[in-house]
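Novice: test case, fold it:
(2 chains)
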2 protein chains.
Amino acid sequence: MLSYILIFALGLFGLGVAFVLTRGIVSIPVDYEAESPDEAGRLKRMHKAIADGAMAFLTQEYKYIAIFMLGFAIVIGFAINDPSTEYHEGIYTAISFIFGGVISLAAGFIGMRIATEGNVRTATSARKSIADAFKVALNSGAVMGFGLVGLTVIGLLITYLVMAAVMDVSNHVLMEVVAGFALGGSTIALFGRVGGGIYTKAADVGADLVGKVEAGIPEDDPRNPAVIADNVGDNVGDVAGMGSDLFGSVAESTCAAMVIGAVAFAAISMGGSMAEEASILANMYPILISAIGIPVSLLTILLIKVRKAEDVAPALKKMLILASILMAVAIYFLTIWALPAEFVIEGQTVTAFQVYLCFLTGLGAGLAIGLFTEYYTSHDFKPVRELADSCETGAATNIIFGLALGFKSVGWSIIAIAIAVYIPFTLAGMYGVAVAALGMLGTLVVGLAIDAYGPVSDNAGGIAEMAEMGEEIRDRTDVLDAAGNTTAAIGKGFAIGSAILTALALFAAFITRAMYLDEDFTTLELLDPMVLTGLFVGTILPFLFSAQTMRAVGAAAFEMIEEVRRQFRTIPGIMEGTGEPDYKRCVAISTKAALRQMVAPSVLIIGSPLVVGFLFGIEALAGLLLGSLLVGGGLAISSSNSGGAWDNAKKYIEKGHLGGKGTEAHKAAVVGDTVGDPLKDTSGPSLNILIKLMAILSLVFVPFFVQYGGVLTRFLN
Amino acid sequence: MLSYILIFALGLFGLGVAFVLTRGIVSIPVDYEAESPDEAGRLKRMHKAIADGAMAFLTQEYKYIAIFMLGFAIVIGFAINDPSTEYHEGIYTAISFIFGGVISLAAGFIGMRIATEGNVRTATSARKSIADAFKVALNSGAVMGFGLVGLTVIGLLITYLVMAAVMDVSNHVLMEVVAGFALGGSTIALFGRVGGGIYTKAADVGADLVGKVEAGIPEDDPRNPAVIADNVGDNVGDVAGMGSDLFGSVAESTCAAMVIGAVAFAAISMGGSMAEEASILANMYPILISAIGIPVSLLTILLIKVRKAEDVAPALKKMLILASILMAVAIYFLTIWALPAEFVIEGQTVTAFQVYLCFLTGLGAGLAIGLFTEYYTSHDFKPVRELADSCETGAATNIIFGLALGFKSVGWSIIAIAIAVYIPFTLAGMYGVAVAALGMLGTLVVGLAIDAYGPVSDNAGGIAEMAEMGEEIRDRTDVLDAAGNTTAAIGKGFAIGSAILTALALFAAFITRAMYLDEDFTTLELLDPMVLTGLFVGTILPFLFSAQTMRAVGAAAFEMIEEVRRQFRTIPGIMEGTGEPDYKRCVAISTKAALRQMVAPSVLIIGSPLVVGFLFGIEALAGLLLGSLLVGGGLAISSSNSGGAWDNAKKYIEKGHLGGKGTEAHKAAVVGDTVGDPLKDTSGPSLNILIKLMAILSLVFVPFFVQYGGVLTRFLN
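Specialist: Residues are numbered from 1 along each chain as shown, chains lettered A, B, ... in the order given. Next comes the predicted model:
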């Protein structure tokens, strides 16, 4: 009982912090410190246009999501029926699924709303001081962090308690029903990451290619009709999309740990009421990890202060490191308290301290991946500077070296992940891997705060430009934005790393459940024809999915380009600043194009595991999942880092190196940056969803595959 | 005995055909049909410069190779000592290794020599007719095809017979010693593909960036000091490199089939002399498949005629299809004759007809991959035309769509490979997969002839330009060259497909042998910490290796660029055509740079399996091999197809589409082409070597790993 109360209290505490921070931000007037009524008017207009645009996209998207979720809930309801229980389990799973989806939507919605309020206030606060502006931007991000984690732990707890109350089933069946919650969250993440990713880059590439390249007007110029869509994109892609992605990771790795631990901890409960309490506590351990992150993160944010411009970038990094240290301490006590000193899991005797080491490995690996990512994508280090040098011989060498940089950067990050697989696996089996994934997500509140801080500052810069607030303000927001760029890359590293570990833990949970339900399925041999063939076919999916999302950005950007060209041609006085561009129409085009273009990749992600499992059975599906995970991890890291490096190589040149703006080297750098945009903001991050969603989908559908899977294989034999 | 005689006779026949074709080519004078003594002089000078340059590279390379091979032979000799035999097995393996290396060198040497003789004669014969020129170019390629396959089958047979005569060991130990032959061949292929690949693209990129882009002189202009190095590159990279790669594939898949079949066919021999003869015949079946390819290919080449320009491209495709059909028929009879009607292999009862079906699946999958590759890389089809369209919005969209095209093209090819894994595996276990690999290589003589035809025609065009033979001749060689471009892509598809199947068969042979030698090693579980960690670490290697080879091309090209700039600056009259450029110096720079830059990737390939196997043991090594195979396959296909598509999109625009040469679209296409160069000609094809060489290395070192492997793991536990 104590564990339930603790989770509930910490979750509510997180929501409370988010609420207080929100009040603090919205209490600042939109036109705070405006120098003239004109400027105040421009600020209000820009703020309204971005907020309305973001809402317009979300409303449209939510309509499709609602239809899809309902349809898929019906499929789940019918398809899943564990023969070992007297319940029609699918109906309960479908309810969890819908609930998880709703919570994920709420988290994304909160994050995006506060981001569209925080951006304009970051810009206006910048007139007072850089410290004020930093506080607004960071707090906007923190609202999302606290709100999201608070919602996650409360949502998981409620799902678990409600299902335990209405269903009288064994612990592991119960956990499988709860996994529906994570599936719901992940499905929303699919829409958020893929749809949002296409939206943001279509608007960005479209705005740049016509505005900067063809018409020769600067970035974020209010005369560009696509400029609002571009700013909206930062909110729907980088804030809401990132949020739902990481919501999915927490929910999924928690569920994976709970599914794998279910049998072990149920066994403890056999020894009376004290033992039952111990069993509940051990069951709740994965949720408790995330819950503890809430007060730890608050402490971190309160401890780190920014006073001047130079503090900004180090402050963000210090936050991550401090949060990691505090978590390492806090979770030590949690683990010793919550887990039995020694217990048997999957036939292996494990001590609480060993589980703590698993957590620590994950936490450390996450931090390491973050730092490797920074090394490969920040222009403070050699790789990006070398990349900038390669621009001197033209766009082609910039592309070749940028691709090579991304490929090379895979090495250390995957080694960190491999260590975070090997040590936990050896210490505590697949339960250890799931705990390592939770460890990597341990600093999530701070991580999300920093992640969302980036697009908020970026938007603030755009608003300062569009509202003509002057050079000084723009310079200040640029400082904030530059720090955000590096942390965005670090955040993406975390997101990918935790996605890989989460997917692996889900994979293990899937195998565990399948072996439990299917007596004939006792080993997963590498040299089995079905497993091996599945592995090969699985390698196709990340490539195909990347191709689809990259082409989707291209196709959506083309529509945007045509619209911007049309407006430049037909609206009188638009280039002189006397004619008003039709921002709304560009927002509508981005919205429609993003939603249409995300259909194909979504079908691929959701359809592949279902079709392969149904036609070829569990072994083939296991191969498929692992094959796509192995390729997807490397591809996601390389896409994300190539893109980040090209972006910062361009920024490095723009700071005056190699001749600065306007040189041939700068032109070559712009080509690299444009190529990198869809890689780092659409296809790369979307691969996280691919590997996680396929794994959680397979886990939830295990009873279906065990009963009906392998139709074609059986028919052929 | 009959099988020995047959292999020997067919091998000699192949060498005889190669000899006759060579005589036919060299009997044409270099200045055949020259219009003036001046032209004859230019032709002779160009021919000599290219031939000398190629020889200079090979001589240098061979020096390093000799040292490396000797050193590595000593390592093999000491490290390998199967405890189950009374022999110090490593010494014999080392001898096989050296022999395999020498044969591979000879094959590459023959191919390159005839290519440097054929190219000039193709150009001069083009003055007579396109049919004559085609014949010279194709026959040059055919010399390599017949010579290489002839040498392979004779070399394998001799190694087997000699080792059988001097060692009194069981069949499977014998086969492992013979596998040293394949390792030798593959090690040479490493030098050929990686070193040659770096050479050819460094010269190409270097020549283009200074000549075409900076100085504004056309391609193949004799005033460009790097132009000879560029032409030499085609010979050392695309002819000798491709040849040693495919020599490796044949030798390796033959050895894989023989190792896996060894125990099964030894069992047959227990029933008297008739049975012993049957056992020998079954043992020789894998070599016989390649041997039968020799007369079948000769028939194919004699049957297909070219009379006019339009015939060229279809003729090459018809050849591949006809060769496939003839092989399908011939191997049916071979299989029924050579294999027992029914036998037990790896515990599975298999019929001869089932083995034939495995062959057929491989043959069909190879053809399918060839046709998919053509679809994605030829400008006769939609993908490349769409790619050309994307050039209209600039270099960035061209790169995005080209990368997406490559990613997308992975799908069907890997599905073809997956089918060629699943069906043979189900029918005849891993023996079936090895036979499928041989099936994919069944049309190798014709395939190699067509592959080598490409660079010969390309060189002929360059020589026609440099010797100022006039527009008409250049147009004719362009027709030949264009057809060669498409077939080069098809050939690369074959090479990758067969490399994946070969590596998989070698992997199976490695596991088979390891399980035989190590009694504790009975299953290869996917969910084993070591296997899983190995899989993740394995995925790094193709990325890292690609990064290394791409950067190597960049670094070597930079050296070339500086030299060309220096010559333009310091040699008086060079731009007016009165001063003679120093071709030799450019050749020397390319040679040195290529040899220096190939050290790091070679260390990675050879070091990784040895270090992982020694420190972490067989399970980790198995994971490493499979992980790199899974990622390497997709990456090789996508690199190769992106590069091919960019090349042909540029050619499509140069034919006058989208405004033709000199437009912004053309400039964008040139950027894509330059990016594609190292992808399609260096890093992509080099990945074939990565996956095959690591697998054969592991197979040969099995006794070492079983005895001494896993040092670190044992120490830690």
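
Novice: contacting residues for residue A:60?
Specialist: Neighbouring residues of residue A:60 by CB atoms under 8 Å, 6 or more residues apart in numbering or on different chains: A:591, A:592, A:595. For every residue, glycine as well, the C-beta is placed using N, CA and C.

Novice: can you pull the buried residues of the helix or strand harbouring the second one?
Specialist: Meaning residue A:592. Element membership of residue A:592, judged by DSSP states H and E, is helix A:583-597. Within helix A:583-597, the residues scored as buried using 16 or more other CB atoms under 10 Å in any protein chain shown are A:583, A:585, A:586, A:587, A:588, A:589, A:590, A:591, A:593, A:594, A:595, A:597.

Novice: how about stretch A:76-87?
Specialist: Residues A:76, A:77, A:79, A:80, A:81, A:82, A:85 are the ones in stretch A:76-87 that count as buried (16+ other CB under 10 Å).

Novice: and those residues, which is closest to residue A:669?
Specialist: Taking CB to CB as the measure, residue A:669 sits nearest to residue A:76 out of the buried residues of stretch A:76-87, at 48.0 Å.

Novice: roughly how far does the residue nearest to residue A:428 when sequence neighbours are not counted sit from residue B:532?
Specialist: Among residues not flanking residue A:428 along the chain, residue A:350 sits closest, at 4.5 Å (CB to CB, 6 or more residues apart in numbering or on different chains). Per CB to CB, to the nearest Å, residue A:350 is found 18 Å from residue B:532.

Novice: give the contact list for residue A:205.
Specialist: Applying CB under 8 Å, 6+ apart, we find residue A:205 in contact with A:553, A:554, A:557, A:560, A:674, A:677, A:678.

Novice: show me where the stretch 451-600 of chain A has helices.
Specialist: A:471-517, A:529-570, A:583-597, A:599-616 (DSSP state H, counting those that start in this stretch).

Novice: my guess is residue A:343 is in a helix, correct?
Specialist: No - the assignment for residue A:343 (DSSP: H, G, I helix; E, B strand; the rest coil) gives strand, which keeps it out of a helix.

Novice: separation between residue A:197 and chain B?
Specialist: Residue A:197 sits 14 Å away from chain B, taking CB to the nearest CB, to the nearest Å as the criterion.

Novice: show me the contacts for the closest residue to chain B within the stretch 551-700 of chain A.
Specialist: Nearest residue of the stretch 551-700 of chain A to chain B (CB to the nearest CB) works out as residue A:674 at 3.6 Å. Counting by CB under 8 Å, 6+ apart, residue A:674 touches A:205, A:208, A:209, B:394, B:396, B:397, B:400.

Novice: in which helix or strand does the residue nearest to residue A:509 when sequence neighbours are not counted reside?
Specialist: Sequence neighbours aside, residue A:259 is the residue nearest to residue A:509 in space, at 4.1 Å (criterion: CB to CB, 6+ apart). Assigned by DSSP H and E, residue A:259 falls within helix A:242-268.

Novice: just the angle between that helix and helix A:471-517, please?
Specialist: Angle of helix A:242-268 versus helix A:471-517, following axes from the mean of the first three to the mean of the last three CA atoms, to 10 degrees, is 30 degrees.

Novice: now the element after helix A:242-268, going C-ward?
Specialist: Once helix A:242-268 ends, the next helix or strand along the chain (criterion: DSSP H and E) is helix A:272-303.

Novice: run a quick neighbour tally on the residue nearest to residue A:102 when sequence neighbours are not counted.
Specialist: Distances taken as CB to CB, 6+ apart put residue A:184 closest to residue A:102, at 7.5 Å, once the chain neighbours are dropped. Neighbours of residue A:184 under the rule other CB atoms under 10 Å in any protein chain shown: 33.

Novice: likewise the one 3 residues further on?
Specialist: Counted with other CB under 10 Å, the neighbours of residue A:187 add up to 28.

Novice: can you check the pLDDT for it?
Specialist: Residue A:187 carries a pLDDT score of 92 in this model.

Novice: can you confirm it is in a helix?
Specialist: Yes - assigned with three-state DSSP, residue A:187 falls within a helix.

Novice: from residue A:503, how far off is it?
Specialist: Residue A:187 is 15 Å from residue A:503, by CB to CB.
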